[in-house]
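Undergrad: Sequence and predicted structure, then a few things I'm wondering about:
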Amino acid sequence: MVRKSRGPDHIREHIEKRGYKHNYVLYGAGAYYYDLPYWTFVHLAKDAGATVDLHRMAVADTLAIDRYLDENCLLEPEIPSRKESVREMKKRNKDVEKIKRLVAEGSKRWVRYDEGAILYSVGIHTFQKLARDAKACYKVGGVTLIDTQKLDKFIEAFEMEDDD
């Protein structure tokens, strides 16, 4: 006897049952969005209680993860304990134009220190201080992520209008 799959109606029922705004992504897409290794993202999603197990797949709610990061993973301003070597920075360096395009599209909200320094055209230590002052630093599984939306709002608060 062949069992019939419940199909998309099963997913729709589950989403309506949750009763709040959501944004579900697969684990791989979420790991890319948060710029984390796959299993680090899976553990983060489970710690946040944002996972939903569906038939043959699991998804994570990014809004629930963002709430969890705001409540539990906010990094307090501190002086870094060691400098990153040039080799380590080059190892993680990514294509700048691609990062700028992804941040502008909104598909990439989180960056690491070296990516953010290149993106905002400042030195890495200046960017670290700016991100900490904006309270946009989050520590997840040994990786420090910067929320570009919070950082942009912090920078826009200091912009001056031109008097022409």
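TA: Nice, thanks for sending it over. Numbers count the residues shown, from 1 in each chain.
Undergrad: and the closest residue in space to G141 that isn't next to it in sequence, what pLDDT?
TA: Leaving out its chain neighbours, the residue that sits closest to G141 by Cβ to Cβ, 6 or more residues apart in numbering is T40, at 4.0 Å. Using the backbone N, CA and C atoms, a C-beta is placed for each residue, glycine as well. On pLDDT, T40 comes in at 90.
Undergrad: Sketch out the low-pLDDT regions of the chain for me.
TA: 1-22, 75-101, 106-107, 160-164 (pLDDT under 70).
Undergrad: in it, which spans are helices?
TA: Under the criterion DSSP state H, the chain contains helices at 8-18, 27-34, 38-48, 62-72, 86-92, 96-105, 113-119, 124-133, 148-156.
Undergrad: Please list all residues in contact with the residue nearest to G141.
TA: By Cβ atoms under 8 Å, 6 or more residues apart in numbering, T40 lies in contact with 31, 140-141, 143.
Undergrad: Drop anything exposed from these.
TA: The neighbour count (16 or more other Cβ atoms under 10 Å) marks 31, 140 as buried among the contacts of T40.
Undergrad: ok, of the contacts of T40, which one's closest to L69?
TA: V140 (7.2 Å; Cβ to Cβ).
Undergrad: so the closest one makes contact with L69?
TA: Yes: counting by Cβ atoms under 8 Å, V140 touches L69, with 7.2 Å between them.
Undergrad: can you pull the contacts of the nearest residue to R67 once chain neighbours are set aside?
TA: Nearest non-adjacent residue to R67, counting by Cβ to Cβ, 6+ apart: A48, 7.6 Å away. Shown in contact with A48 (Cβ under 8 Å, 6+ apart): 60, 64-65, 67-69.
Undergrad: let's see 10 Å
TA: By Cβ atoms under 10 Å, 6 or more residues apart in numbering, the residues touching A48 are 60-62, 64-69, 71-73.
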